[in-house]
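# Okay, sequence plus prediction incoming.
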Amino acid sequence: MSQVNEKYTAQVTVEQAHVAAMYELLDALVAGARAELAEVLRSQGGSAVEVYARDVHAGRLARRLRQLEGAEEGLVFGRIDGVDGSALHIGRLGLLASDRDLPLLVDWRAKAARPFYTATQFHPMGLRRRRHLRVEDRLVRAVSDELLLDGLPPTVGDVVGDGPLTEALEARRMGGTPRTCARRSAPPFPSPTPVPDLLKRDFTAEKPNTRYVGDIICLPVGDGQFLCLATVLDLCSKRLAGWSIADHMRTELVTDALKAAAAARGGSLDGAIFRSDSGSQYVSREFADVCRELGVTRSRGAVGTSADNAAAEAFNATLKRETLQERSAGREPAPPAWKSSAGSPGTTPEGDTPP
């Protein structure tokens, strides 16, 4: 076995031990909730007020049990490691162990989990590493790390891949949400800017780091709030070379994504073409200046048609349809803290499904 395979296997084993402990606690919570619900349902008699209170309590326990049982699949999917040596696993709900100062598992909606989605190489938010885990049938099937401190070499425990965002899209699909209708674009009209369309809807490239596309999408995170994601996609390798996420759509969102792509490509995009739509961020002088500094040639097509940026649009559609499919069904959770007095011992309050 090669050293690379040995290192990968070792990290899978490490994560498997953590995952097994989480499922052990989950099983105990499920058993406890079932027993408590059965005891309440066996109760009989009492005044009208007592019967009503008992029914309310039974309904609360039933919802709690459904939440716990629903977390069986995809219980844990990520981990973040801080520069201070701390490590938090991210998953569908929070799990608190009495013998640990930190939670065994952090709810994906909690404030503590936010860096898993928003940290970048330019804004690491105190993280050294972000790890994506693919768990099936309670077994760790894949591990992929993204190092967030620029210039920091991988350690013996790092399994460097394309990062959790790309890994999540390439993982085995869990059903997906089919497209039910075609969307009609507005009639195209000439762009008022002199930036040419250098791709002409040819979304291929003979070698990496020569042709890129990018776009901005907004992702729901609960309680009516959104995060905006800017992407830079390599048309040769189809790698998500750079991305930036924030709670705004200012120009720095797209410039940070392009700078992240440059960092991922050894600090240079010299000679590469970047294709975007004609959104205000991409037509700004600030974005043009960053492209000039990085040696990037800008490319834009007609205004009002998504077909001229189809590769980026397809990536966005996949992200929304596959990764956020349960949100598209209309469930909009509010993000509670991972440790709340409103929740039962051992977990965070009731909630729904992570993105």
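Thanks, I have the structure now. Residues are numbered from 1 along each chain as shown.

# Name the residues of stretch 69-85 that are buried.
Buried residues in stretch 69-85, counted by 16 or more other Cβ atoms under 10 Å: 71, 74-81. (Each C-beta comes from the backbone N, C-alpha and C, glycine too.)

# ok, the longest strand seen in the chain: who's next to it in the sheet?
When the chain is parsed with DSSP state E, its longest strand is strand 211-222. Strand pairing for strand 211-222, determined by DSSP bridges: strand 225-234 (antiparallel), strand 273-276 (parallel).

# quick check: mean pLDDT across the last one?
Pointing back at strand 273-276 there. Averaging pLDDT along strand 273-276 yields 91.

# So which of the strands paired with strand 211-222 is the most surrounded?
strand 273-276 (a mean of 24; mean count of other Cβ atoms under 10 Å).

# For the very next helix or strand once past that strand, name the packing helices and strands.
Using DSSP states H and E, the helix or strand that follows strand 273-276 in sequence is helix 285-294. Helix 285-294 sits against helix 251-264, strand 297-300, with contacts defined as 3 or more Cβ pairs under 8 Å, 6 or more residues apart in numbering; DSSP states H and E.

# ok, and which of the ones you listed has the densest surroundings?
Highest mean neighbour count of the helices and strands packed on helix 285-294: helix 251-264, a mean of 22 (counted as mean count of other Cβ under 10 Å).

# Relative to residue 221, how far out is residue 147?
Going from residue 147 to residue 221 by Cβ to Cβ, to the nearest Å gives 25 Å.

# Repeat that for residue 311.
26 Å.

# residues in contact with the nearest residue to residue 259 once chain neighbours are set aside?
Ranked by Cβ to Cβ, 6 or more residues apart in numbering and with sequence neighbours excluded, the top spatial neighbour of residue 259 is residue 122, at 6.1 Å. For residue 122, the contacting residues are 244, 256, 259-260, 263, by Cβ atoms under 8 Å, 6 or more residues apart in numbering.

# Output the lowest mean pLDDT helix or strand found in the protein.
Least confident element among the helices and strands of the chain, by mean pLDDT, DSSP states H and E: helix 164-170 (a mean of 49).

# counting contacts, what elements does the longest helix belonging to the chain pack onto?
Using DSSP state H to define each element, the chain has its longest helix at helix 3-42. When contacts are defined as 3+ Cβ pairs under 8 Å, 6+ apart, helix 3-42 packs onto helix 48-70, strand 76-82, strand 87-91, strand 127-136, strand 139-147.

# Give me the angle between that helix and helix 48-70.
160 degrees (axes from the mean of the first three to the mean of the last three Cα atoms, to 10 degrees).

# Quick check: buried residues in helix 3-42?
7-8, 11-12, 15-16, 18-19, 21-23, 25-26, 29-30, 32-33, 36-37, 40.

# what is the mean pLDDT for it?
Averaged across helix 3-42, pLDDT comes to 87.

# Same question for stretch 293-312.
The pLDDT scores in stretch 293-312 average 79.
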